[in-house]
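J.: when you get a sec, could you give me coordinates for this:
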Amino acid sequence: MTEIMRKILAMLVLVVLAVPSSFAQGAGGIDAGASELQTYIDPVGNLILVIGAIVGLIGGVRVYIKWNSGDQDTQKAVMGWMGSCVFLMVVGVVIKAFFGL
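T.: Numbering: from 1, shown residues only. Next comes the predicted model:
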């Protein structure tokens with residue numbers, strides 16, 4: 001019975017000694033992950049802004065084609081394309097502002 005108690009006590013001591021170092025590694029890992037995430041936010045925000053610009057150009061060309069063909073529904077097309085372009089631009093800016101970049 002004493003051999004089992006010694007093993008349990010030894011395991012308990014090992015667990016108590018290992019817990020603080022694991023918390024320290026956890027905090028360092030979280031900090032490292034946060035800093036690495038911030039390095040990706042700026043390029044992602046720029047990518048969203050570029051996608052918004054491309055969507056705006058495509059939308060402008062499509063609206064111009066509709067307008068030249070005499071389609072009566074050009075105002076609806078303008079509102080749809082420009083709404084999506086503004087949304088993408090705002091998302092790109094908000095992502096950068098949310099992460100403090």
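J.: hey, where'd the helices end up in this structure?
T.: 2-68, 74-98 (DSSP state H).
J.: out of the ones you listed, which is the most enclosed?
T.: helix 74-98 (a mean of 14; mean count of other C-beta atoms under 10 Å). (Glycine included, C-beta is placed from N, CA and C.)
J.: now for that helix, which elements pack on it?
T.: Contacting helix 74-98 under the criterion 3 or more C-beta pairs under 8 Å, 6 or more residues apart in numbering; DSSP states H and E are the following elements: helix 2-68.
J.: pull the distance from the helix it packs on to the chain's centre.
T.: Remark: helix 2-68 is offset 9 Å from the chain centroid, using C-alpha atoms, centre = their mean, to the nearest Å.
J.: got the angle for it vs helix 74-98?
T.: Angle, helix 2-68 to helix 74-98, by axes from the mean of the first three to the mean of the last three C-alpha atoms, to 10 degrees: 150 degrees.
J.: how near is the spatially most central residue of the chain to residue 53?
T.: Nearest to the mean C-alpha position of the chain, by C-alpha atoms, centre = their mean, lies residue 41 at 6.5 Å. When C-beta to C-beta, to the nearest Å is the yardstick, residue 41 and residue 53 sit 19 Å from each other.
J.: same thing with residue 36?
T.: Residue 36 sits 27 Å away from residue 53 when distances are taken as C-beta to C-beta.
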